[in-house]
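Undergrad: Here you go, sequence then predicted model.
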Amino acid sequence: MTGSAADGLAAVEAEIVRACREARRERSSVTLIAVSKTFEAEAIRRVLDAGQRVFGENRVQEAKAKWPELVAAYPKTELHLIGPLQSNKAKEAAALFDAIHSVDRDSLCEALGKVLPASGRSIELFVQINTGEESQKAGVAPQDADAFIAACRDRWGLTIAGLMCIPPVDEAPAPHFALCAKIAKRNGLSKLSMGMSADFATAIQFGATHVRVGSAIFGHR
């Protein structure tokens, strides 16, 4: 880690407050997800000790190896899966995570439709939108989003809380955030998982309710 995790967290918090003020939003309308993927428990504990309670991980197996003990020590912690989820890991994910941000295909919806009712847990689901239609990136194409969201609800019986997007790295993020927000609005979805370390302030301007920030808190991996 470079610098102090507490200092990084404080700086991110100050930037969220500033962005919310400029957007005329309440600070409470934005949830900060500290992205702890690839970091060991010791580094995560520093951020927990600084007061952060919502974290994001990319892989089920990595999270399973380090988070049960941390959650036991810090009981009010929330864990969000922000990376791709294999259908055969749906049951494990339902037992571990409080939110899944990467719902993006029928096979995963089918798996979640089976395991979520049996889990006895209330898990927030976000549909991932591939706003840049990048072939190497997961997510539903914008033109297919309405039909997919309807299928999640009507075919698979899933309650969708919101949408998630990751803009292309070589493009301005604002149009992608605007597109994601537009799709969410017309589908009656109130939550938007948008923005990372480099662009979360912009995402807040476009209505992000969840921002996923890693390196600005933990330092570079």
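TA: Good, I have the coordinates.

Undergrad: Could you list every helix and strand in contact with the longest helix seen in the chain?
TA: Across the chain, the helix with the greatest residue count (assigned by DSSP state H) is helix 5-22. In terms of contacts (3 or more Cβ pairs under 8 Å, 6 or more residues apart in numbering; DSSP states H and E), helix 5-22 is packed against strand 31-35, helix 41-49, helix 200-205, helix 215-218. The way it works is simple: take the backbone N, C-alpha and C, and place the C-beta from them, glycine included.

Undergrad: Could you give me the buried positions within the last one?
TA: Okay, so that is helix 215-218. Buried residues in helix 215-218, defined by neighbour count with 16 or more other Cβ atoms under 10 Å: 216, 217, 218.

Undergrad: what's the residue lying closest to residue 60 once chain neighbours are set aside sitting at in phi/psi?
TA: Leaving out its chain neighbours, the residue that sits closest to residue 60 by Cβ to Cβ, 6 or more residues apart in numbering is residue 89, at 4.5 Å. Main-chain dihedrals, residue 89, degrees, to the nearest 10: phi -100, psi 10.

Undergrad: what pLDDT does residue 89 get?
TA: Residue 89 carries a pLDDT score of 97 in this model.

Undergrad: Could you measure from it over to residue 100?
TA: Distance check for residue 89 against residue 100: by Cβ to Cβ, to the nearest Å, it reads 10 Å.

Undergrad: Looking at these two, which one has more neighbours?
TA: Between residue 89 and residue 100, residue 100 has the larger neighbour count (other Cβ atoms under 10 Å), namely 25 against 18.

Undergrad: could you say what helices and strands the helix or strand residue 185 falls within packs with?
TA: Secondary structure from DSSP states H and E places residue 185 in helix 174-186. Contact partners of helix 174-186 among helices and strands, from 3+ Cβ pairs under 8 Å, 6+ apart: strand 124-129, helix 145-154, strand 160-165, strand 191-193, helix 200-205.
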